[in-house]
Structures are given as C-alpha cells and as structure tokens.
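Next one to model:
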Amino acid sequence: DFTLDYSWNKFSTMIGMAAHWAQKRGKKTLLGGMSPIDPNWMQMMIEQKVLDHIDAVGIHGFPHVFDQQWKGWDVNIKCIKEVMEKFGYSKEIWISEAGFSTWQNDEVKQYQEFKNVLNADADRIYWYSLKDLDPVNSTVGGFHLDEREYHFGLKKTDETKKLLYKLLEKNGLEQVKHQDYIQKQYRVKTDEKYTLITGGAGFIGTNLASRFLSEGKKVMIYDSLFRDGVEENLQWLQKEYGDKLIIQISDINETRILQECVNHASEVFHLCAQVAVTSSVTNPIHDFNVNLNGTFHLLEAIRKSEHQPSLIFTSTNKVYGNLQDVKMVENETRFYPADSKIKEYGINEKIPLDFHSPYGCSKGAADQYILDYSRTYGLKTAVFRMSCIYGPHQFGTEDQGWVAHFLISALEDKPITIYGNGKQVRDILFVEDLIDAFMLAHKNIDKLAGQVFNIGGGPQNTVSLLEILNTIREKAGKEMNVSFEDWRTGDQFYYVSNTSKFKEATGWQPKYSVDKGVEHLLKWLCENRNIELPANLNPTKEIAI
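Here you go, the predicted model:
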C-alpha cells in the first residue's frame, strides 16, 4: 500500500530480504510483474538494491483490455532494459502475465494479441488463461463488477474451444504465428460492393463463394471459424482467388462490425448456423444465439442500411418436425409414404410447422422472421428449407454432413453408428445443384421475395441410410463396421422435398444423380486426404452431369 509506504522502503526491504534468502537456498527469483509497466518504479527498485537479489524482472500487460494506451511489447521491454543497463544490470525480462478478454466475442483479437506476445523480445511468457472464469465465482475486484474478467480463457466454461485454442491444438505454437488468413477487421471502401456470405467458411459457403469468385465477383466471407476444419476452406479460397476474397472473422452477434459489412454488400446469403440437432440439445443457449439472435441482428443490419441488399436464408426441413401425421409403409430397406401423392412429389411448403428440438425452434423462428421482415419492411428475402446437402469441402462430422461422414468412415476404416433401423429416407442434393439454385434465386429475387421454398434432391434422388451404405460399399470397395442405436428424438422416418414450387418459378432442375454425386465426392475426398482411389473407380473417367 503506497499510501502507507510512500517511498517503497518497507516493500523493498521485504522483497529484497525474501529474494536474498530464496537465492541462499538455491532458488531463482522473479520480481513479480509490474502493471502498468513503469521505468521510474524500476529505477526505484534498483536504487533500493532489490535487483541485487533478483534473477529476472517480470512485466504484465493486457493490451486493449486494461492497458488502453498500449505502446507495444518491444517498446515497454526496451524502456525497462535501458533503465537496468543505465545502472549496470543485465537481467532476464519475463512477460509474467498477458492476456485478452473475449467478452465482446472478439476471438480474432485474442489471437492477434497472443501472436504479438510470441513475437516480443522476452525470455519467458505466461498467458492468462486456459479457461474462462466460471460466472458463479467472484474476481479479485468483486462479483461481476467487471465482465471483462470472466472471458480471458482459451476455452469457455462449457469447454467450447475458442479460435486461439483450436489454432494451437491444430498447428502448434510455431505455426500459430503464420496464420495469414486471419486478418484484422476489414475496412471497406465506400464505393466497393461484394457478395456477403455469412458462415461462408463452411461447406456450402465455400462452394458458393467459389462460384461467385470464379465469375469475377468480389466476395466477403463473414465467419467466426467456430466449426472445426473450416479454416482449411478459407486457406483454399484465399489460395485460389487471392485479393478478390475478403475475409471477416467475427461473430454474427458483433452488431457494429456486421452493420459495416452489410452496408457495402450487394446481396447477402445467410448460411451462418449452428447446424446439429444434438448440439442444440446439449447447448441450447449457443444454438439460440447463433441461429435466432444472429439472424435477427442480420435482418436489422439490412433494414438499417441505405440500400437494403437482398437476403437468401438457408433454413431446414427440421421445421416440419417428425411428420408423424404422414402415414408410413416399411419395406426391407426403406420407409415410404402411404399417400401416393407425397410418395410421387414429396413434402411441400404447406405442411404445418412443428418444431421438435431446440435446433428446429431456432431455425424455424429465424425462418419466420426472415419472411415477416419481407412483409413488414419490404426487404427482398427468400427462405430455402433444405434437405440433405453433400459435396466437396464437407468435413463429415457425424452431426454435420452424414453422406461425407459415411464416406470418410469407410475410407478410413472407422465405425459408423446408425440411429434407428437405417430405413429413414432423405432426398440428397449435390452441392453444385444447390449453388445453381442460389444463383437463380438471386437472379429472380424480385419475383421470389417473401416466399419459402423446399430445396433438396427431390423424389428422383432419394436414399435410405441402408441404401446409401450399400452405394458406398460398391463405390469404395470396402465393408463397413456398422452398429445401430436407438432412434433420436424427433427424427423423421421420411423426408423428401417437393421442389415443384421453386422449379416452376425459376426452371431449376438438379443435374447430379445420387450415383454420380457420391462418386464425385468420393474422388474429391480421396484426393484431398491423400487416400488411394478405390480400384473399381477409373481415375480418368469423366463424370457426367
């Protein structure tokens, strides 16, 4: 307490004696981190002979959190070194505490500050901290008096990995320094327009971005990189298209950044989502914040912008619930509807909404907000209620892209778990066909605004899980280790999209059959995972579309 020890004599005597006796016992000593970093205080410690018993000097820094007038690590370290050299001392300098709070969801800034620390001219570094502080606990200053104190971790309290943790886990310490695709916030020029794709680093977003970029259009990908593996998609796009690609790594709920990005967009494709039913059950708050809250913030950003760009939103067939009112018939490999019209054409948009999971609720509510903002505010919005999409750039985790998941498991001899009896039927759509639908929707948005469309492979591209496993066996030339578990809550025995409404409005028609689409994805996976192509596939064979 410097009010009781203004000249720091008592402090210096106490610390100096403690350090002296520690060294006598063979221990090395660190003069604990000064914060703020003050060369005048350092000189005072030298003049009072404290450094005679010190092996290393520590400094603390929390740039742009607690240290608002930050000059940089090297500037601060240099001034401490100069004071020591002036008095003939040469001690190690440690950064004994540094960190960045993500209380405003700025995980990119946390990465950048960590990278800055790694590049500092310090002999040792301590980073604070591994996990966020549990909100039931108090900080040194008190209970929730400063929310920044609760968000310094590399992981959240629910074990969710932040961007920096995932980069360290995947790339290691040295490679973390060289993730060039992670940039500071992009500042747009007033005359610049681009296609804005939220969630654009994902599987569908990557394919959509590639289509626009290949046609010479500038694209901004807005993504938090929350999902594992998506950074590989960003790197691929950056390598392929260079400066035509703009990357904004931010959370969908960072409203200030989102507004700026929307202000310069010529059109918006809203693909950002928490996509797994199981994840929505285990973490419904995150599901709500991404799927519904994020969509609402995007709609508001569009409404407040001067030119109000068009918006196409990817919803889900899960908004129809488990379709228990549709009577089913079962044969050896699949379920199918007893109603001959549904069997022939699929499920249309007139089926009542019936949400059966937090995921269904969040996507369904977002779906309805999108439609209502068109009715109420005249925004040019359209909704795609999508079935199962598959294709290149899909990483195939069990919850996210089951066709790719089955293929990868087969190629890598990993077990596959089927929930239910495997006879549940879906219409699967190859991603290139979906991109064609996006382009047509964008082209015809004046006519389609305020409408919802079921989008999938349709009745001509239906498979049960058992049937797709047989197709994969034939294509991959491998037997698979398949096990069965209980049905998941709300799972649909049968969902096939009736795409007639969109076809009549735009002339769209899927080009890829299930057989050709699966073969195309299989070849892409082998090439990108360095797996030898199955012998029964001819690598020189052209794929007909």
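
Could you list the low-pLDDT ranges of this protein?
Counting by pLDDT under 70, the chain shows low-confidence ranges at 180-181, 183-191, 396-400, 538-545.

In terms of residue numbering, what are the domains of it?
As assigned by automatic domain parsing, the chain contains the domains 9-158, 273-528.

out of the ones you listed, deepest packed?
Greatest average neighbour count among those goes to domain 273-528 (a mean of 19), per mean count of other Cβ atoms under 10 Å. C-beta: built from backbone N, CA, C; applies to glycine.

Ignoring the adjacent residues along the chain, who's closest to H286?
Leaving aside its chain neighbours, H286 sits nearest to Q274 (6.2 Å; criterion: Cβ to Cβ, 6 or more residues apart in numbering).

was I right about that neighbour contacting I285?
No: assessed by Cβ atoms under 8 Å, Q274 is found out of contact with I285, at 10.4 Å.

what ranges do the strands span in the stretch 401-545 of the chain?
Taking DSSP state E, counting those that start in this stretch as the criterion, the stretch 401-545 of the chain contains strands spanning 416-419, 425-430, 451-455, 462-464, 482-485, 494-495.

actually the stretch 251-400 of the chain, not the one I wrote
Counting by DSSP E, counting those that start in this stretch, the strands of the stretch 251-400 of the chain are 265-270, 310-316, 328-330, 335-337, 381-386, 388-390.

Could you dump the ones you listed into CSV and include distance to K170?
As requested, the strands of the stretch 251-400 of the chain are exported to CSV (distance: least, Cβ to Cβ, whole Å):
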stretch, distance to K170
strand 265-270, 27
strand 310-316, 27
strand 328-330, 43
strand 335-337, 40
strand 381-386, 29
strand 388-390, 24
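
Of those strands, which is nearest F114?
strand 265-270 (30.5 Å; Cβ to Cβ).

List the buried residues of the closest one.
Residues A265, E267, V268, F269, H270 are the ones in strand 265-270 that count as buried (16 or more other Cβ atoms under 10 Å).

Show the end-to-end separation of stretch 482-500, please.
End-to-end distance for stretch 482-500: 36 Å, by Cα to Cα, to the nearest Å.

ok now do S357, which residues does it touch?
Neighbouring residues of S357 by Cβ atoms under 8 Å, 6 or more residues apart in numbering: V277, S280, V281, K318, T489, G490.

Can I get these in JSON lines including distance to L164?
JSON lines is the format used below for those (distance: Cβ to Cβ, whole Å):
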{"residue": "V277", "distance to L164": "28"}
{"residue": "S280", "distance to L164": "25"}
{"residue": "V281", "distance to L164": "27"}
{"residue": "K318", "distance to L164": "32"}
{"residue": "T489", "distance to L164": "35"}
{"residue": "G490", "distance to L164": "35"}
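
and which of those residues is nearest L213?
Using Cβ to Cβ, these come closest to L213 at K318, 30.6 Å.

residue contacts, that closest one?
By Cβ under 8 Å, 6+ apart, the contact set of K318 is V277, F355, H356, S357, Y359, G360, K363, G364, G490.

Likewise for Q23?
By Cβ under 8 Å, 6+ apart, the neighbours of Q23 are T29, H53, D55.

okay if I get the residues you listed as CSV plus distance to K304 and secondary structure?
Below are the contacts of Q23 laid out as CSV (distance: Cβ to Cβ, whole Å; DSSP: H, G, I helix; E, B strand; the rest coil):
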residue, distance to K304, secondary structure
T29, 57, coil
H53, 61, helix
D55, 57, coil
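
Switch these over to JSON lines; also include distance to L411.
Below are the contacts of Q23 laid out as JSON lines (distance: Cβ to Cβ, whole Å):
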{"residue": "T29", "distance to L411": "56"}
{"residue": "H53", "distance to L411": "62"}
{"residue": "D55", "distance to L411": "55"}
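
if we take those residues, which one ends up nearest to N137?
Among the contacts of Q23, T29 lies closest to N137 (Cβ to Cβ), at 30.7 Å.

about what we covered before: out of the buried residues of strand 265-270, which is nearest to N233?
Using Cβ to Cβ, F269 is the member of these that lies nearest N233, at 15.1 Å.

count of neighbours near the residue lying closest to R227 once chain neighbours are set aside?
Once flanking residues are discounted, R227 sits nearest to G202: 6.4 Å by Cβ to Cβ, 6+ apart. Residues near G202, counting by other Cβ atoms under 10 Å, number 28.

Just to check, G202 is in contact with N233?
Yes: in terms of Cβ under 8 Å, G202 counts as a neighbour of N233; the distance is 7.2 Å.

any shared contact partners between those two?
Here G202 and N233 share no contacting residue, scored by Cβ under 8 Å, 6+ apart.

Helices of the stretch 51-200 of the chain, start to end?
73-86, 107-118, 163-176 (DSSP state H, counting those that start in this stretch).

Please apply the same query to the stretch 251-400 of the chain.
Applying DSSP H, counting those that start in this stretch to the stretch 251-400 of the chain gives helices spanning 255-263, 277-282, 284-288, 294-304, 340-345, 358-377.

Of those helices, which is nearest T157?
Closest approach to T157 among those (Cβ to Cβ): helix 284-288, 11.8 Å.

picking that back up, which residues does the residue nearest to H286 contact?
Per Cβ under 8 Å, 6+ apart, neighbours of Q274: S280, H286, D287, V290, N291, Y359, S362.

ok, now which ones touch the most centrally placed residue in the chain?
Nearest to the mean C-alpha position of the chain, by Cα atoms, centre = their mean, lies F226 at 2.4 Å. Residues near F226 by Cβ under 8 Å, 6+ apart: V290.
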